[in-house]
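Student: just a sequence and a predicted model for now, questions to come.
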2 protein chains.
Amino acid sequence: MGVTIADVAAHARVSTATVSRVLSGEDSVGAENRARVRTAVAALDYRPSAVARALRQRSTATLGLVVTDIANPFYPELVLGVEDEARRRGLSVLLCNAANDADRESGYLDLLLERRVDAAIIASGGMARRHVERLAAFPVPVVLANARPTPDSVPAVACDDHTGGWLAATHLLSCGHRHILHLAGSAAAGETSKRVEGVRAAVNAHADAELTIVASDGTLEGGRRATMQAAEMLTPRCGVTAHNDLTAIGALSALRDLGLSVPADVGVVGFDDIALSAYVDPPLTTIKQEKYAMGAWTVDAVSRRLDGQSVESVTWPIELIVRRSTGPGAP
Amino acid sequence: MGVTIADVAAHARVSTATVSRVLSGEDSVGAENRARVRTAVAALDYRPSAVARALRQRSTATLGLVVTDIANPFYPELVLGVEDEARRRGLSVLLCNAANDADRESGYLDLLLERRVDAAIIASGGMARRHVERLAAFPVPVVLANARPTPDSVPAVACDDHTGGWLAATHLLSCGHRHILHLAGSAAAGETSKRVEGVRAAVNAHADAELTIVASDGTLEGGRRATMQAAEMLTPRCGVTAHNDLTAIGALSALRDLGLSVPADVGVVGFDDIALSAYVDPPLTTIKQEKYAMGAWTVDAVSRRLDGQSVESVTWPIELIVRRSTGPGAP
DNA sequence: GATCGCCGTGTGATCGATTACACGCAAGCC
DNA sequence: GGCTTGCGTGTAATCGATCACACGGCGATC
């Protein structure tokens, strides 16, 4: 590289200020000079340094995005929304994958600060829980996605977990299942998450229904393992709600190997509606989250905060998508 | 923010040079001053500006990573490898999602240059094809992943597509299928890709075998559609090879709806071995690519290029993973 | 003809770090 | 005592942009 604005200025026989003005679209430059700058830029293949500009303007036009785990298809769909919306606003995205590790998360927060990102988006339930106070005191605007910590000190977007859990369990109950087996997201959050509460509320509304909660970890493997461990409970009275689609798909795989048929013997409901859920066998009944839209919302939200406006947390609506992993087959 | 090295220097009653020296780990600073700087840094919660440092040192410690499509689970696994390896070397990753759009790709290349990334990693077959000459002339080191354009002007890592295609088809042939239906990745690349060539070579090695190639687009939906369109060919003589696992999973879904059983009626082989492939029904026989390792390799490669070494392109070995979507069921 | 204002352009300060160079001082050496 | 040596520290240039301010020239106004 190495071609700077001074080189362009020399080549066009104008000052660096004039070059800067032409490039930033100011209209106060004469036609003659404007043309000379244009040709000089083209001739030298000049690209202004975003680094130098950022230093001077004290703004990097970059958003930091920290996600728990890009390997979970939920996140790429959210990232897509963030990225598109950021691009639309001329912002770049610095992606950090925290891999569910508290130290690593913390390290990334430091990184974002040193990089002087204009704002940060944190898409990680666990992280929101572990670092709320730090995030609330963050020197740049922060918005959370897929998490709603209490107190509500940082603007956040999350789906309506309680209703989601409630819809999932109610649907299974209406299919005739009377024993709900819930595969929770993580041992830590298992007992307290709103998703679980929603399931519990639905079960409590039926006098003859019972609930078992099993801890899992939100992965395919974890869903499979948890289901295998709960094998003896899996009678046709049983319907399975999972913390997310990966867990549910892991459960489907386990049920298959246990010789149980879905939905005839056991019904299964996932959560998230990742793209693949419609393609597994049987296609998965699930609670749909609008991941892309939520991602886009976070960018809109940080933009508004950058404009000095305040932003309220939002609960995003969800929707029950009935596919063939649940059905009226239960006794 | 706004706390600069000068503030720290003032607080510690030393010069900015001394602060800089302490923070960069130079050992030439006296114990007294060193301690004072340390406390000042802590007291002010000072974080050096990566922007200013980048300007001065002419290096951003950042890699640009352009991927075709993060929504395809193949890429997150590769990104994971890139990210981990980058982190290990103290580098950050600027992620760009090109969404298979040539203009957008080109725009991202400009962005990476303006951002002054130290090096770029391009994970996109189509992009490699469309922009080889530009990438070859790139002012910073570039490495390609998941692509091996000819001529070999840019270091690249890609799996052994030819052998992969060959293994997939040979496996189906050995299961007794005699009509191979290949669902190609994209119409453009369909006829020429090494994967297809490998399939063709395997079919040609059997006098009684025939091959049909159908264009698709590498997505779940595309795989499903292509299979539906080819419905009348799907006799038990038939085995399906897919350009990737998403396409194969789409095909499985279509076959199910067509009332065909896998592997008894039709065998299916995917490509990539994304995590979900082991969990669909039937679990997908596929060609495994070591996505994480390939991602890590690209970072190692750009690092070597940054050290002035030259880097040779690499063909990564693949492996046939036999699961239950293929079997000896064919006539 | 003097004054005013505007237009187009250039000069130079500035953003926040790193680092080459210089300098003061103390110890070691002859 | 004078000289070197080296250590610890500070001064100031530098990276590549942006932008406040100044300035020259020209047309309009009275």
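Tutor: Done, it's in.
Student: switch to C-alpha atoms for all contacts and neighbour counts from now on
Tutor: OK.
Student: and residue A:222, backbone torsions?
Tutor: Backbone torsions for residue A:222, taken as degrees, to the nearest 10, come to phi -60, psi -40.
Student: tell me if I'm right that it and residue A:215 touch.
Tutor: No - counting by Cα atoms under 8 Å, residue A:222 does not reach residue A:215; the two are 9.0 Å apart.
Student: now the strands for the stretch 101-250 of chain A?
Tutor: For the stretch 101-250 of chain A, strands defined by DSSP state E, counting those that start in this stretch occupy the ranges A:119-123, A:142-145, A:156-159, A:179-184, A:210-215, A:238-242.
Student: any idea which of those is most buried?
Tutor: strand A:238-242 (a mean of 29; mean count of other Cα atoms under 10 Å in any protein chain shown).
Student: ok and that one relative to strand A:210-215, angle-wise?
Tutor: Here strand A:238-242 points in a direction 40 degrees away from that of strand A:210-215 (axes from the mean of the first three to the mean of the last three Cα atoms, to 10 degrees).
Student: for strand A:238-242, enumerate the helices and strands it packs against.
Tutor: helix A:161-174, strand A:179-184, strand A:267-272 (3 or more Cα pairs under 8 Å, 6 or more residues apart in numbering or on different chains; DSSP states H and E).
Student: after the last one comes which helix or strand?
Tutor: Reading on from strand A:267-272 to the C-terminus, the next helix or strand found by DSSP states H and E is strand A:285-288.
Student: now check the helix or strand following that next one, is it near chain B?
Tutor: Using DSSP H and E, the helix or strand that follows strand A:285-288 in sequence is helix A:291-306. No - applying Cα under 8 Å from any Cα of the partner chain, one finds helix A:291-306 separated from chain B by no less than 11.0 Å.
Student: name the residues that touch helix A:291-306?
Tutor: A:74-75, A:77-86, A:118-121, A:141-145, A:156-158, A:310-311, A:316 (Cα atoms under 8 Å, 6 or more residues apart in numbering or on different chains).
Student: tell me the strands beside the following helix or strand past it, with direction?
Tutor: Next in sequence after helix A:291-306, counting helices and strands by DSSP H and E, comes strand A:314-316. Using DSSP bridges, strand A:314-316 pairs in its sheet with strand A:156-159 (parallel).
Student: let me know the pLDDT of residue A:27.
Tutor: pLDDT for residue A:27: 87.
Student: so how far is residue A:32 from the nearest residue to it once chain neighbours are set aside?
Tutor: Spatial nearest neighbour of residue A:27, chain neighbours left out: residue A:21 (7.9 Å); criterion: Cα to Cα, 6 or more residues apart in numbering or on different chains. In this view, residue A:21 and residue A:32 are 14 Å apart by Cα to Cα, to the nearest Å.
Student: again with residue A:214
Tutor: Distance from residue A:214 to residue A:32, by Cα to Cα: 74 Å.
Student: and if you look at residue A:47?
Tutor: 21 Å.
Student: so which bits of chain A are right by DNA strand D?
Tutor: A:2-6, A:16-17, A:19-21, A:23-24, A:47-49, A:52-53, A:55-57 (Cα under 7 Å from any atom of the strand).
Student: and residue A:28, how many neighbours?
Tutor: 10 (other Cα atoms under 10 Å in any protein chain shown).
Student: which ones are touching the closest residue to it other than its chain neighbours?
Tutor: Among residues not flanking residue A:28 along the chain, residue A:21 sits closest, at 7.8 Å (Cα to Cα, 6+ apart). By Cα under 8 Å, 6+ apart, the residues touching residue A:21 are A:27, A:28, A:29.
Student: for chain B, see how far away residue A:21 is.
Tutor: According to Cα to the nearest Cα, to the nearest Å, residue A:21 stands 18 Å off from chain B.
Student: please apply the same query to residue A:301.
Tutor: 21 Å.
Student: with residue A:257 instead?
Tutor: Taking Cα to the nearest Cα, one finds residue A:257 at 11 Å from chain B.
Student: now swap in residue A:317 and tell me
Tutor: 23 Å.
Student: could you list the low-confidence segments of chain A?
Tutor: Low-confidence segments of chain A, defined by pLDDT under 70, are located at A:1, A:187-192, A:329-331.
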